[in-house]
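> Pasting the sequence and the predicted coordinates here, then a few questions.
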Amino acid sequence: AYYPLPYFCGISTIISTIVLLHLYRRLRPRRLPSSLPGPKSYPLVGILPHVINTWEDWPEEAARLSHKYGRTWGGGLPNVPGMGGAFFFVVDEKAVSHVLSKNFENYIKGPAFRSLYGDLLGWGIFATDGDLWRVHRK
């Protein structure tokens, strides 16, 4: 007698493994520099559980984490549209000036950011790059 169940289980296992590996590679938080301090990061979700658990007191929690980890810290986030896979928290005046005014050409938002947040932010200073950003800045 012919029993197709073992073949079906084997093929299902292979397909499921491929799909899960693809999802893991797609959703895992971006690799951050090992020297970047921050809260404990978990596979796939990064520090999102910590952010969610402290959301109601996030300003105070961010200040506490800045005191604990220093003037620049960060963590991984799920790599889905809107989260980007990582974030950096910067409270150093020189670093903020570097990003927002002196070298802003090197820190573009790009089309993915504009397509996701364009309706919310419009084409003002928070959603533009390059020459248009420079016009809004002045």
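Yes, it's here. Residues are numbered from 1 along each chain as shown.

> Would you mark the buried spots in the helix ranked longest in the chain?
Counting by DSSP state H, the longest helix found in the chain is helix 5-27. In terms of neighbour count (16 or more other C-beta atoms under 10 Å), helix 5-27 has its buried residues at residue 27. Where C-beta positions appear, they are placed from N, C-alpha and C, glycine not excepted.

> Determine the number of other residues adjacent to residue 86.
19 (other C-beta atoms under 10 Å).

> give me the beta-bridge partners of it?
Beta bridges link residue 86 to residue 76, judged by DSSP bridges.

> residues touching residue 78, list them.
Listed by C-beta atoms under 8 Å, 6 or more residues apart in numbering, the contact set of residue 78 reads 27-29, 44-46, 48, 85.

> Now the buried members of those residues.
27-29, 45-46, 48, 85.

> With distance to residue 96 and pLDDT added, can I get those in CSV?
Shown next, in CSV, are these (distance: C-beta to C-beta, whole Å; pLDDT from 0 to 100):
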residue, distance to residue 96, pLDDT
27, 30, 72
28, 28, 71
29, 23, 65
45, 28, 84
46, 23, 84
48, 24, 88
85, 22, 75
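
> List of residues touching the longest helix of the chain?
43-44, 78-80.

> So which of those residues is the closest to residue 118?
residue 80 (17.7 Å; C-beta to C-beta).

> and the closest one, that's in a helix?
No - counting by DSSP: H, G, I helix; E, B strand; the rest coil, residue 80 falls outside a helix, being coil.

> Report how many residues lie close to the residue nearest to residue 50 when sequence neighbours are not counted.
Of all residues not flanking residue 50 in the chain, residue 39 sits nearest, at 4.7 Å (C-beta to C-beta, 6 or more residues apart in numbering). Using other C-beta under 10 Å, residue 39 is surrounded by 19 other residues.
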